[in-house]
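[1] what follows is a protein structure lacking sequence information:
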Ligand SMILES: [Zn+2]
């Protein structure tokens, strides 16, 4: 596996194996996303792809009532969120398992769902840290 490329395909290759990896700057350790050839913090060019903890916090979210990908047609409406990972990266992703509860500020953990093009990371409530209202434990906002 080529670990020297700045191309984000490595992120998707590893996500398909159930792992979140990002570029870590060799000079200042900044975790980069999106993948880039130059560090936005120190302008260093060296980096190493490394796994990170699949945990974070929901920073913001919107409800999509239209499927912008055919694989999501059956899930309308669905939650799209900006999740701030523990490593500091903010990842645009989909949420699952929040029902109609407001997820902003909730602790989440990545899991990987196959959309037909291979597994992609989505985020669900971290075990034991979120108590949705009755009847909203699973499914999408209705
Ligand atoms: Zn750097």
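    Thanks, I have it. Everything quoted here is computed from the prediction, not taken from an experiment.
[2] give me the low-pLDDT residue ranges for this structure?
    For the chain, applying pLDDT under 70 flags the ranges 1-6, 128-142.
[3] tell me the residues on it that lie near the ion, please.
    Taking C-beta under 5 Å from the ion as the contact definition, the chain meets the ion at 25, 27-28, 30, 39, 41-42, 44. In short, each C-beta sits where N, CA and C put it, glycine included.
[4] narrow the residues you listed to those that are buried.
    The neighbour count (16 or more other C-beta atoms under 10 Å) marks 25, 30, 39 as buried among those.
[5] redo those as TSV? Include secondary structure.
    Below are those laid out as TSV (DSSP: H, G, I helix; E, B strand; the rest coil):
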residue	secondary structure
25	strand
30	coil
39	coil
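[6] which of those residues lies closest to residue 56?
    Residue 56 lies nearest to residue 30 out of these, by C-beta to C-beta, at 16.9 Å.
[7] and the gap between residue 31 and residue 22?
    Distance of residue 31 to residue 22, computed by C-beta to C-beta, to the nearest Å: 5 Å.
[8] can you check residue 61 too?
    Per C-beta to C-beta, residue 61 is found 22 Å from residue 22.
[9] who has more neighbours, those two?
    Set side by side, residue 61 and residue 22 show more neighbours around residue 22, with 25 against 19, by other C-beta atoms under 10 Å.
[10] so what does the one helix or strand that one maps to touch, helix or strand wise?
    Per DSSP states H and E, residue 22 falls inside strand 21-25. In terms of contacts (3 or more C-beta pairs under 8 Å, 6 or more residues apart in numbering; DSSP states H and E), strand 21-25 is packed against helix 9-15, strand 31-32, strand 47-51.
[11] the closest residue to residue 122 other than its chain neighbours bridge partners, please.
    Take residue 122 and drop its neighbours on the chain: the residue closest to it by C-beta to C-beta, 6 or more residues apart in numbering is residue 94, 4.6 Å away. In this structure, residue 94 bridges to residue 80, residue 122 when assessed by DSSP bridges.
[12] got a list of what residue 94 touches?
    If a contact means C-beta atoms under 8 Å, 6 or more residues apart in numbering, then residue 94 has 72, 78-81, 120, 122-123 as its contacts.
[13] got a markdown table for those, with neighbour count and distance to residue 87 too?
    Output for the contacts of residue 94, formatted as a markdown table (neighbours: other C-beta atoms under 10 Å; distance: C-beta to C-beta, whole Å):
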| residue | neighbour count | distance to residue 87 |
| --- | --- | --- |
| 72 | 16 | 26 |
| 78 | 20 | 25 |
| 79 | 23 | 22 |
| 80 | 16 | 21 |
| 81 | 25 | 17 |
| 120 | 18 | 18 |
| 122 | 20 | 18 |
| 123 | 28 | 14 |
